[in-house]
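> Starting from these lines, generate the structure:
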Amino acid sequence: MHAKKGFTLIELLVVIAIIAVLIGLLLPAVQKVREAAARMKCQNNLKQLGLAIHNHEVAISTYPSLGDYPLGTTGVAWSVPSKLLPYVEQDTLQKLINFGVPYNTQPAITQFRVPVLICPSDPNDRARPDGALTHYPLNYGANAGTWFAFMPGAGAGTSGDGAFVVNRGTRVSEFTDGLSNTLAMAEVKAYTPYFRNAGNPSALGTARPTNPNAIAAWGGEFKSDSGHTEWVDARVHQTGVTTTFPPNTKVPYTTGGITYDVDFTSMREGQTINRPTYAVITSRSYHTNGLNILLMDGSVRSVSNRVTSQTWLGLGTRTGGEVLNDF
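Have a look, this model is predicted:
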């Protein structure tokens, strides 16, 4: 009588080792395919937003404003994305909005997840409770310019050099750089830590910073995880972006043994009637080696982290007169 043959322990271990090696070889390929799919979905989101921006211009004759704040008083304002809703198949949602009253009195709106505003690569696709409200984040910031964003009070109407400005809509004729040379939107990370309301810089004409390590010295109220978490809020740290520093530049701040990569806004728009808003709102992404941007002509591009500061600043202005050739 013959004994049954089976696998020896050594043979079984060899098979397991081979399977482990194959999985190790296959996993990077699967991750690359997944990232490619996420990047394509992200680009498609931006294309839809580009069409929405132009449809808004056709319907209203201007691009959407970066928020409308009443003169001589404080308050909040509705964002660029909220004004684009009818053009991204969210007309029903916009009809629920009463633009005549603040968003923070309309919890049914603030908690809504708008799919076209979410990049699939961002792991923070989740609501943020905020007292009586619940907010939902976004991953695409409207271009507020290079550094200066808004001056209220006596300087009302004075706004930044980006594609979108406060208290009015820009027109095609204002883009002397050309629509194809001006940034419309760029990726941002949800739940970004940031400083706010330092009141410093306090004077118009303050030079744009060139060293990201110096930003934290301006100080202010530190919020560890709530930037870009309110798609309804027009303030630049929530639904905007500035080109002060190139994509994915680290802007460090260390506290409690933790180093954060921060944004900065000297004073939230609508918070005072006499202090300017300067902002360092860096474009960031979870994609590999760069991120996606939307230009004002409606085209979508992938931009490397190696894009020069000069080029990135040039993309941030609508009338800077820069010659751009390396993005």
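> By mean pLDDT, which helix or strand of the chain comes out lowest?
In the chain, no helix or strand scores lower on mean pLDDT, DSSP states H and E than strand 158-159, which sits at a mean of 80.
> Tell me the strands beside whichever helix or strand comes after that one, with direction?
Once the chain leaves strand 158-159, the next helix or strand it forms, by DSSP states H and E, is strand 183-187. Here strand 183-187 is paired, per DSSP bridges, with strand 140-143 (antiparallel), strand 290-295 (antiparallel).
> Helices along this protein, start to end?
For the chain, the helices defined by DSSP state H occupy 9-60, 80-84, 91-95, 107-110, 236-239, 309-316.
> a markdown table please, covering those and showing mean neighbour count.
Any C-beta I mention is one placed from the backbone N, CA and C, and that applies to glycine too. Converted to a markdown table, the helices of the chain look like this (neighbours: other Cβ atoms under 10 Å):
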| stretch | mean neighbour count |
| --- | --- |
| helix 9-60 | 13 |
| helix 80-84 | 25 |
| helix 91-95 | 12 |
| helix 107-110 | 17 |
| helix 236-239 | 30 |
| helix 309-316 | 21 |
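> now for the strands paired with strand 183-187, which one comes closest to Leu183?
For those, proximity to Leu183 was assessed by Cβ to Cβ; strand 140-143 is nearest, at 4.4 Å.
> Can I get the closest one in CSV, CA atoms only?
Taking Å, rounded to 0.1, in the frame of the first residue of the first chain, the C-alpha atoms of strand 140-143 are listed here in CSV:
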residue,chain,number,x,y,z
TYR,A,140,-10.4,73.1,-5.9
GLY,A,141,-9.6,76.7,-5.0
ALA,A,142,-10.5,79.8,-7.0
ASN,A,143,-7.5,81.9,-8.0
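> Contacts for that strand, please.
By Cβ atoms under 8 Å, 6 or more residues apart in numbering, the residues outside strand 140-143 that reach it are 45-46, 49, 66, 79-81, 117, 119, 162-164, 182-188, 228, 236, 239-243, 281, 283, 294, 316.
> Pull out the buried members of those residues.
Burial by neighbour count, 16 or more other Cβ atoms under 10 Å: within these this picks out 45-46, 49, 66, 79-81, 117, 119, 162-164, 182-188, 228, 236, 239-243, 281, 283, 294, 316.
> Tell me how far Ile225 lies from Tyr191.
One thing to correct before we go on: residue 225 is Asp, not Ile. Using Cβ to Cβ, to the nearest Å, one gets 5 Å for the distance from Asp225 to Tyr191.
> again, but for Leu85
Taken as Cβ to Cβ, the span from Leu85 to Tyr191 is 23 Å.
> Of the two, give the one with the bigger neighbour count.
Per other Cβ atoms under 10 Å, whichever of Leu85 and Tyr191 has more neighbours is Leu85, with 21 against 17.
> Would you confirm that the more buried one contacts Ser79?
No: Leu85 is not in contact with Ser79 according to Cβ atoms under 8 Å; the separation is 10.3 Å.
> and of the strands paired with strand 183-187, who's closest to Ile19?
Of all the strands paired with strand 183-187, strand 290-295 sits nearest to Ile19, with 34.8 Å by Cβ to Cβ.
> Run the chain-centre distance for the closest one.
11 Å (Cα atoms, centre = their mean, to the nearest Å).
> Contacts for it, please.
Here strand 290-295 makes contact (Cβ under 8 Å, 6+ apart) with 39, 42-43, 46-47, 49-50, 140, 179-187, 247-248, 283-285, 300-305, 307, 315.
> Contact partners for the residue nearest to Asn139 when sequence neighbours are not counted?
The shortest distance from Asn139 to any non-neighbouring residue, by Cβ to Cβ, 6 or more residues apart in numbering, is to Cys119 (4.0 Å). By Cβ under 8 Å, 6+ apart, the contact list for Cys119 reads Ala38, Lys41, Cys42, Asn45, Asn139, Tyr140, Glu187, Ser285, Tyr286.
> Export these as CSV, with columns for pLDDT and distance to Gly321.
Formatted as CSV, those follow (pLDDT from 0 to 100; distance: Cβ to Cβ, whole Å):
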residue, pLDDT, distance to Gly321
Ala38, 89, 36
Lys41, 96, 35
Cys42, 98, 31
Asn45, 98, 31
Asn139, 98, 31
Tyr140, 98, 27
Glu187, 98, 26
Ser285, 97, 28
Tyr286, 96, 34
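> Now render those residues as JSON lines, adding distance to Ser61.
What follows is the contacts of Cys119, written out as JSON lines (distance: Cβ to Cβ, whole Å):
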{"residue": "Ala38", "distance to Ser61": "36"}
{"residue": "Lys41", "distance to Ser61": "32"}
{"residue": "Cys42", "distance to Ser61": "30"}
{"residue": "Asn45", "distance to Ser61": "26"}
{"residue": "Asn139", "distance to Ser61": "29"}
{"residue": "Tyr140", "distance to Ser61": "24"}
{"residue": "Glu187", "distance to Ser61": "29"}
{"residue": "Ser285", "distance to Ser61": "33"}
{"residue": "Tyr286", "distance to Ser61": "37"}
